[in-house]
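# 3D model of this:
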Amino acid sequence: MSLPSVAQVLDALRVVQDPDLRRDIVSLDFVKHVVIGDDGRVAFAIELTTPACPVKDLLKEQAHQAVAALDGVTAVDIEMTSSVRSSGAVPGQRQALPGVKNIIAVGAGKGGVGKTTMAVNLALALSLRGSRVGLLDADIYGPNVPIMLGVQAPLETDGQKIVPIEKHGLWTVSMGFMAGDSDPVIWRGPMLHGVLRQFLQEVAWPALDYLIVDMPPGTGDVALSLSQHTAVTGAVVVTTPQTVSVADSRRAINMYRKLNIPVLGVIENMSYFACPSCRHETDLFGRGGGRRLAEELNVPFLGAVPVAEPVRSGGDIGMPIVLSAPDHVVAQAINSAAEQVAAQVSIRAFRTIPLTPVS
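Numbers count the residues shown, from 1 in each chain. Next comes the predicted model:
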């Protein structure tokens with residue numbers, strides 16, 4: 001029995017479509033290093049655009065079936081790899097941070113919806129899937145990231161730049177490392193502008209696939225400053241299902257659009273409460289408000305995350321729920337949302353949309 005050629009293997013793989021990018025994995029240049037052994041064993045790699053790809057297992061299975069069906073193939077070995085692509089910088093426009101491929105703002109139209117909890121857990125979920133992730137706490141007035149990560153160390157410098165603190169596989173900076181736990185931050189707009197610039201440009205960030213920026217709630221100065229200082233891949237808006245939260249989230253989405261920051265999608269937090277004893281689901285704040293908002297404004301719905309006690313207790317001791325209870329329904333929902341965020345970033349990496357600077 002004759003062996004298949006490399007061209008035949010590639011032709012067979014053209015039936016495998018990335019459902020997000022809507023193209024086959026060969027034309028996307030995902031297929032690498034095809035080797036055909038004398039014994040009929042075919043080996044190759046599939047290089048995805050993120051280690052957090054939500055359809056990784058599906059693509060691998062479809063590729064395996066497509067190649068295994070060829071005459072002469074006795075076995076199929078597939079290595080799944082990834083290389084996160086940059087989607088924020090556009091030549092002649094705002095500059096991205098050196099070594100940082102994607103900057104993702106996590107914001108909310110109002111406080112109290114779990115924005116920081118979501119930002120921290122999304123960052124950790126992406127990191128746990130193999131990405132290099134940084135976390136910038138831009139919530140200057142309420143810097144809670146140090147508490148949620150269990151970090152109390154002061155920031156240090158290498159003589160030229162601030163050195164981010166590493167914890168749980170994340171690199172992070174926060175105003176909370178500079179101000180005391182009880183010290184209020186009473187600053188005007190220009191001072192906020194300055195500290196954000198410093199955290200972006202005067203921090204020795206390592207090479208990162210994603211830099212998650214925990215934004216202050218509302219539609220204030222920090223979002224404007226962020227849009228002026230660097231190329232932002234996109235924003236994730238966190239809301240609860242409650243009507244008042246949805247109304248404020250609508251304003252936040254419209255703000256990001258006016259700043260030419262793409263909206264990657266909406267996460268509905270505190271979607272429901274699942275009783276740990278009987279599993280009955282109670283809609284504490286209503287349900288479906290985030291999904292309806294996403295449909296109304298034509299942005300992706302990234303997922304619904306329930307509320308549960310381990311979210312609070314894990315955050316209080318510096319062990320967010322994706323670390324402290326990875327099998328919990330909340331952690332699973334956040335992991336799914338993180339994969340959807342990564343998918344939206346990958347989609348943007350394959351588009352060429354000019355970003356107009358905000359003056």
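# shouldn't residue 117 be in contact with residue 320?
Yes: assessed by CB atoms under 8 Å, residue 117 is found in contact with residue 320 at 7.3 Å. Placement of C-beta: from N, CA and C, glycine included.
# anything in contact with each of these two?
Listed as contacting both residue 117 and residue 320 by CB atoms under 8 Å, 6 or more residues apart in numbering are residue 148.
# Give me the helices and strands touching the helix or strand where residue 134 lies, please.
Residue 134 is part of strand 133-137 when elements are defined by DSSP states H and E. Helices and strands touching strand 133-137, by 3 or more CB pairs under 8 Å, 6 or more residues apart in numbering; DSSP states H and E, are helix 115-128, helix 145-149, strand 170-174, strand 210-214.
# What lies in contact with it?
100, 116, 119-120, 123-124, 126-127, 143-146, 149, 164, 169-176, 199-200, 205-206, 208-214.
# I'd like to know the average pLDDT value across it.
Mean pLDDT, strand 133-137: 96.
# what's the distance between stretch 144-153 and the middle of its chain?
Centroid separation for stretch 144-153 versus its chain: 20 Å, with CA atoms, centre = their mean, to the nearest Å.
# hmm, back to that, adjacent strands (with direction) for the strand holding residue 134?
Counting by DSSP bridges, the strands paired with strand 133-137 are strand 170-174 (parallel), strand 210-214 (parallel).
# Mind splitting this protein into its structural domains?
Using automatic domain parsing, the domain ranges for the chain come out as 6-82, 103-349.
# Can you flag the buried ones in the contacts of strand 133-137?
100, 116, 119-120, 123-124, 126-127, 143-146, 149, 164, 170-176, 199-200, 205, 208-214 (16 or more other CB atoms under 10 Å).
# what stretches of the protein score poorly on pLDDT?
For the chain, residues meeting the criterion pLDDT under 70 lie at 1, 88-96, 179-193, 220, 352-359.
# Quickly note the distance from residue 240 to residue 36.
54 Å (CB to CB, to the nearest Å).
# More neighbours: which of these two?
Applying other CB atoms under 10 Å to residue 240 and residue 36 shows that residue 240 carries more neighbours, namely 27 against 20.
# quick one, what contacts the more buried one?
Per CB under 8 Å, 6+ apart, neighbours of residue 240: 113, 114, 246, 268, 269, 270, 271, 285, 289, 290.
# repeat for residue 81
32, 45, 46, 47, 48.
# in a helix, that's where it is, yeah?
No: Residue 81: not assigned to a helix; according to DSSP: H, G, I helix; E, B strand; the rest coil it is strand.
# Okay, and the beta partners of it?
Bridge pairing for residue 81 - DSSP bridges - gives residue 47.
# Which neighbours in the sheet does the longest strand along the chain have, and how are they oriented?
Longest strand in the chain by number of residues, with DSSP state E as the criterion: strand 263-274. Here strand 263-274 has these sheet partners by DSSP bridges: strand 234-239 (parallel), strand 281-282 (antiparallel), strand 301-307 (parallel).
# which residues are contacting stretch 17-34?
Stretch 17-34 is contacted from outside by 6, 9-10, 13-16, 42-48, 55, 59, 63, 81, 343, 346-347, 350, using CB under 8 Å, 6+ apart.
# Show the buried residues in the residues you listed.
Of those, these count as buried by 16+ other CB under 10 Å: 9-10, 13, 16, 42, 44-48, 59, 63, 343, 346-347.
# Show me these that map onto helices.
9, 10, 13, 59, 63, 343, 346, 347 (DSSP state H).
# How much space separates the fourth one from residue 35?
What that stands for is residue 59. Distance, residue 59 to residue 35, by CB to CB: 19 Å.
# Got phi/psi on residue 336?
Main-chain torsions, residue 336, degrees, to the nearest 10: phi -60, psi -40.
# Could you double-check that it sits in contact with residue 54?
Yes: Residue 336 lies in contact with residue 54 (CB under 8 Å); the separation is 7.3 Å.
# before we move on, the earlier item: now the contacts of residue 81 in TSV, with distance to residue 154?
Formatted as TSV, these follow (distance: CB to CB, whole Å):
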residue	distance to residue 154
32	44
45	43
46	44
47	40
48	39
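# Thank you, goodbye.
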